[in-house]
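K.L.:
Next input, structure requested:
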Amino acid sequence: MTEDKKGKGFFTLDVDQFFKIQDKGLGIEEAATYLALMKGTDQTNTISRGGVNSVMEYTGLTRSEAKRAIANLACV
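P.N.:
Have a look, this model is predicted:
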């Protein structure tokens, strides 16, 4: 596959992150945000191309909710 083609497939999900989100008292917004950001990760699953707009598109959160959820995840 050439680099200019967008690949479709799977991304790795760290289930422990969900437990960390729960342990910090965060909610469904942060869990959904984590999934939306993981959707846009590179092949190493460490860097995401996603941001506030991606979170808004895939979760239905408003801009302020998405920003808050991303900020909360940064503390996990």
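K.L.:
List the contacts of Asn45.
P.N.:
Residues in contact with Asn45 (C-beta atoms under 8 Å, 6 or more residues apart in numbering) are 11-12, 38. Placement of C-beta: from N, CA and C, glycine included.
K.L.:
Over to Arg68. Which of the three states is it?
P.N.:
helix (DSSP: H, G, I helix; E, B strand; the rest coil).
K.L.:
CSV for the contacts of Asn45, including distance to Ile21, neighbour count and secondary structure?
P.N.:
What follows is those, written out as CSV (distance: C-beta to C-beta, whole Å; neighbours: other C-beta atoms under 10 Å; DSSP: H, G, I helix; E, B strand; the rest coil):
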residue, distance to Ile21, neighbour count, secondary structure
Phe11, 17, 13, coil
Thr12, 17, 10, coil
Met38, 12, 16, helix
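K.L.:
Out of those, which comes closest to Thr44?
P.N.:
Thr12 (9.1 Å; C-beta to C-beta).
K.L.:
OK, contacts around that closest one?
P.N.:
Counting by C-beta under 8 Å, 6+ apart, Thr12 has contacts 38, 41, 45.
K.L.:
hey, what's the second one bridged with?
P.N.:
On the basis of DSSP bridges, Thr41 takes part in beta bridges with Ser48.
K.L.:
wait, doesn't it sit right on Tyr34?
P.N.:
No: taking contacts as C-beta atoms under 8 Å, Thr41 lies outside contact range of Tyr34: 10.9 Å.
K.L.:
out of those two, which sits in the busier spot?
P.N.:
Tyr34 (23 against 16; other C-beta atoms under 10 Å).
K.L.:
For the residue nearest the centre of the chain, what is the enclosing helix or strand?
P.N.:
With distances taken as C-alpha atoms, centre = their mean, Leu37 lies nearest the centre of the chain, 2.2 Å away. Element membership for Leu37, per DSSP states H and E: helix 28-39.
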